[in-house]
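Student: my questions are about this predicted structure, shown below with the sequence.
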Amino acid sequence: MINLIVACLLGDQPLVKNHQLLESYKHGILYRFLQMRFCKTNNLSMINIKTAQLLFLLIALSFYSNAQDKYPVCTDLKNGIFYNYPKNAPDQYMDTREGDWVHETNLITGDTTLWQIKWTDDCVYTLKYISGNVKINAEVAVFLKKHVLAIEMLKLTNEYYTFKSYVDKVSTVPILSDTMWLNQKVVVSHSNLIRRIPNSAVLKKEHFSDTSKCALVYLYRPGKVTNGLANYPIYLDEDIICVAQNNSGYIFKIFKEGKFEFKSKLFKDESAAKIDLKFGNTYYVKSMIHWAISSRLYNFKLETAVVDPVKGQKEFEDVNLR
């Protein structure tokens, strides 16, 4: 649109023929303005056509620019069609919002899910699972029947909005951060960031070495008697990757080099360990919960730390791989 207008301004492409331009002027405010500014008669042909055309297009460009600068607000997005491309999956989703309902369609498989939506604030809504999604397992189905997903809309633009999702209500413990797009993407680039390895046998078959195009992370929580029943989420940057249970461990492949943060959270307490990941390397991250009087409400303190590989390997052998 802007390129077209600029081309017209430079004379490379006529927007309308002269007589069409004159007719359009004669029926609007712009005509009356030009009539007052340039002449004292009703004969608009006295005006230099090129000058009038330039003024008209400059005004049009101004209106177009103002319209582009106006971002939507949350209430504008209560109904409509939206698209989501999960950061760590090949799936593509189309969400159709109509009143109290959201019809979610997996554009790859054709599978559909029905959610009931309830707006609790201008930029916050909850989603209650109703039916659908053939890939859902029994454990997740039970969870969704007991809980709702709370979505908090954050940054809004003309192309997308970012959001965080929570269990039941907005809190200090989000389970996901992602983007919802207002229009479907023509080209979708998928970049898997992380993948959980279920056991050592699978890892052995994949022949991980110092030339592999990924990094290996062993994440574990040693077994303890005190505070052993308290489970808490572990994040990779802003997204949950697992729930740390007492005496448990996970193996992850990370498919991107760079600085990452592994963080544990429980209520208002949190602890993080930062790693500059390099392909072909193996890392051990230990998460612990200690008995401590950190406030009048909580008697624990979280700790997350990068561990020496020799020590980490020995400690990881004592936990239950999940």
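Tutor: Arrived safely, thanks for sending.

Student: partner residues bridging residue 277?
Tutor: Bridge pairing for residue 277 (DSSP bridges) gives the partners residue 258.

Student: hang on, it packs against residue 254?
Tutor: Yes - Residue 277 is within contact range of residue 254, at 5.6 Å (criterion: CB atoms under 8 Å). Bear in mind the C-beta positions are built from the backbone N, C-alpha and C, glycine included.

Student: which neighbours do these two share?
Tutor: Residues touching both residue 277 and residue 254 by CB atoms under 8 Å, 6 or more residues apart in numbering: 215, 217, 260.

Student: neighbours of the second one, just the number please.
Tutor: The reference is to residue 217. 24 (other CB atoms under 10 Å).

Student: circling back to that earlier point, more crowded one of residue 277 and residue 254?
Tutor: residue 254 (22 against 17).

Student: tell me who's in contact with that one.
Tutor: Per CB under 8 Å, 6+ apart, neighbours of residue 254: 193-194, 214-217, 236, 260, 277.

Student: who does it form a beta bridge with?
Tutor: Assigned bridge partners for residue 254, using DSSP bridges, are residue 194, residue 215.

Student: got any ranges where the protein has weak pLDDT?
Tutor: 1-69, 190-191, 226-229, 292-298 (pLDDT under 70).

Student: which residue is nearest the centroid of the protein?
Tutor: residue 178 (1.4 Å; CA atoms, centre = their mean).

Student: contacting residues for that one?
Tutor: Taking CB under 8 Å, 6+ apart, one finds 84, 86-87, 162-163, 165 in contact with residue 178.

Student: bridging residues for it?
Tutor: Assigned bridge partners for residue 178, using DSSP bridges, are residue 163.

Student: how long is stretch 231-243 end to end?
Tutor: Using CA to CA, to the nearest Å, the end-to-end distance of stretch 231-243 comes to 7 Å.

Student: what does it rub up against?
Tutor: 87-88, 164, 173-177, 193-194, 196, 219, 244-246, 250, 252, 254, 260-266, 287, 289, 302, 304, 322.

Student: neighbouring contacts of stretch 106-122?
Tutor: 73-75, 78, 90-94, 97, 100-105, 125-135, 148, 150.

Student: buried residues in that stretch, which are they?
Tutor: 106, 111, 113, 115, 117 (16 or more other CB atoms under 10 Å).

Student: is the fourth one in a bridge, and if so with what?
Tutor: So the one you mean is residue 115. If you apply DSSP bridges, the partners that residue 115 bridges to are residue 102, residue 129.

Student: ok, back up a step: can I get the buried residues of stretch 106-122 in TSV with distance to residue 283?
Tutor: Output for these, formatted as TSV (distance: CB to CB, whole Å):
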residue	distance to residue 283
106	34
111	36
113	36
115	38
117	40
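
Student: need the max-distance pair from those.
Tutor: Greatest spacing in those, by CB to CB: 111 and 117 (19.1 Å).
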